[in-house]
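> mind looking at a prediction? Sequence and model below.
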There are 2 protein chains.
Amino acid sequence: MIKEIFQHRSIRKYKPDTIAPNILNDILEAAVRASNTGNMQLYSIIVSTSSEVKEKLSPAHFNQPMIKSAPVVLTFCADVNRVSKWCSERNADAGFYNVQTIVGAFIDASIAAQNACLEAEAHGLGICYLGTTTYNARQIIEALNLPKGVVPVTTITIGYPAEEQPLTSRLPLSAVVHAETYHNYSSTDIDAAYAEMEHNIDNQKFIVENNKQNLAQVFSEVRYSRSNNEFFSKEFIDALLQQGIL
Amino acid sequence: MIKEIFQHRSIRKYKPDTIAPNILNDILEAAVRASNTGNMQLYSIIVSTSSEVKEKLSPAHFNQPMIKSAPVVLTFCADVNRVSKWCSERNADAGFYNVQTIVGAFIDASIAAQNACLEAEAHGLGICYLGTTTYNARQIIEALNLPKGVVPVTTITIGYPAEEQPLTSRLPLSAVVHAETYHNYSSTDIDAAYAEMEHNIDNQKFIVENNKQNLAQVFSEVRYSRSNNEFFSKEFIDALLQQGIL
């Protein structure tokens, strides 16, 4: 068993200590060892450590403090620019600016990021994924000078932990795993899947704090509301258009 | 350093041995330990082991032999159905059938898959990702009875290795890593990035076999042609429409 997988917690508070170059190199080498689409490595990794760049990235991530407090910020991008430039230099007809290729590139970038996270944790570092990366993609494109063909996928902040965190609970395995084919959820299945999460004391506090009737309303009406999801969907489509993908 | 990361090879030939239930359980537990969007776990994992289901999945993966020869096939799906059903059961207004949420779900599913792969390798198993999952998504949707809100992202075949494989080469780290912000590639940068790959003897054989002038043409005109990429982009958009996402 890989202990880093089973001991993973998101760490959002970091010591000011920097990350030694050889350790950062291991983390990046781990990222590129991941499987990828036809060995084209349809991603780029932006390593941001300067205050200047982090200052520009911060608002794109809703000023979550990890961007400025982490010594290293890695932005994993889907990248069809590099392979297209290679083909263009070699008189090869490349057609990579499309949905199918960018979806493959998104998967490449994500699994490379996960390797980087686990390797960082093996070195005693803490990491946090920032899902905001696809929310304000156009701000990140501007902050990191991403050319056409390059779309930000996910960001991880890395640093030595300055906090301890308990293991986060998960839905029971039976709620996310399906035998042979998908078995759609009955009302009883849903009750069983979410029972533990709904009875969690911390989660019950969120219901009261947000003046809602139940936890599902906290998730769907407060944290990830329809209007926000639809607004950021449009934003992301605009980013794909701007980068020449759609 | 996590040795499974640095020793990873894709394994496409498997012994007939089945995978013990406790090992499969570890692999699935590893998957769900991954970071995910707001702890909503926007994915489902379909565990297919029966000949009947594998027979149906096989053509969707262009009859690559791994589907039928691997004892276990895991299909990782982006899933906004389960969380939406939960909300619907709890009188919560859920708006998860959109691009932004499905992109988050794609990332969730991908990094969960990578945890599963590494944990499988820690148990001496071999794995192979099948990028064909998004090519023929509608066939997979049918084979696995995926309801609206569920989109296949990636497939991994798992089994005890019946082959040895060398480590696959990668572009130099300097070709995929950017300091602070993205530095676009000059002609010289492209030459440096692809030099080793272009000089590789196996790759030179592919050029001759495919009657092309260079390796870039093999990638862009044979393996991942514009017409195929555009065809499968349209197919994937149709799958997203069918599943109610677009």
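Looks like it came in fine. Numbers count the residues shown, from 1 in each chain, chains lettered A, B, ... in the order given.
> quick one: the strands in chain A?
Secondary structure of chain A (DSSP state E): strands at A:43-48, A:72-79, A:126-130, A:150-159, A:177-179.
> so what touches the shortest one?
Residues from elsewhere that reach strand A:177-179, judged by CB atoms under 8 Å, 6 or more residues apart in numbering or on different chains: B:Leu28, B:Ser44, B:Ile45, B:Ile46, B:Val47, B:Leu144. For the C-beta atoms, the positions are set from N, CA and C on the backbone; glycine is no exception.
> does the second one touch A:Leu173 like I think?
No - the criterion here is CB atoms under 8 Å, and B:Ser44 misses it with A:Leu173 at 11.3 Å.
> of these two, who's got more company?
Higher neighbour count among B:Ser44 and A:Leu173: B:Ser44, with 27 against 13, using other CB atoms under 10 Å in any protein chain shown.
> what sits against A:Lys205?
By CB under 8 Å, 6+ apart, no residues touch A:Lys205.
> okay, it: pLDDT?
pLDDT, A:Lys205: 95.
> can you pull out the helices in chain A?
A:3-6, A:21-33, A:51-60, A:66-69, A:81-89, A:99-122, A:137-143, A:173-176, A:187-199, A:201-209, A:215-217, A:226-242 (DSSP state H).
> show me what counts as buried in the lowest-mean-pLDDT helix or strand in chain A.
In chain A, the helix or strand scored least confidently by mean pLDDT, DSSP states H and E is helix A:201-209, which has a mean of 95. Buried positions in helix A:201-209, judged by neighbour count with 16 or more other CB atoms under 10 Å in any protein chain shown: A:Asn203, A:Phe206, A:Ile207.
> from A:Thr101, how far out is the residue located most distally from the centre of chain A?
Most distant from the centre of chain A: A:Asn91, at 35.2 Å, with distances by CA atoms, centre = their mean. Going from A:Asn91 to A:Thr101 by CB to CB, to the nearest Å gives 20 Å.
> what's the answer for A:Asp93, then?
Counting by CB to CB - A:Asp93 and A:Thr101 are separated by 14 Å.
> looking at those two now, which is surrounded by more residues?
Using other CB under 10 Å, the more surrounded residue of A:Asp93 and A:Thr101 is A:Thr101, with 27 against 13.
> I'd guessed that one sits against B:Glu230; true?
No - the criterion here is CB under 8 Å, and A:Thr101 misses it with B:Glu230 at 9.6 Å.
> find the centremost residue of chain A, please.
In chain A, the centroid-proximal residue (CA atoms, centre = their mean) is A:Thr154; its distance is 3.5 Å.
> from what I see, it and A:Ala109 are in contact.
Yes - if you go by CB under 8 Å, A:Thr154 and A:Ala109 touch, sitting 6.9 Å apart.
> which residues do the two both contact?
With CB under 8 Å, 6+ apart, A:Thr154 and A:Ala109 have common neighbours A:Phe76.
> next, count neighbours for the residue nearest to A:Met40 when sequence neighbours are not counted.
Closest residue to A:Met40 apart from its sequence neighbours, by CB to CB, 6 or more residues apart in numbering or on different chains: A:Val83 at 5.3 Å. By other CB under 10 Å, the residues close to A:Val83 number 28.
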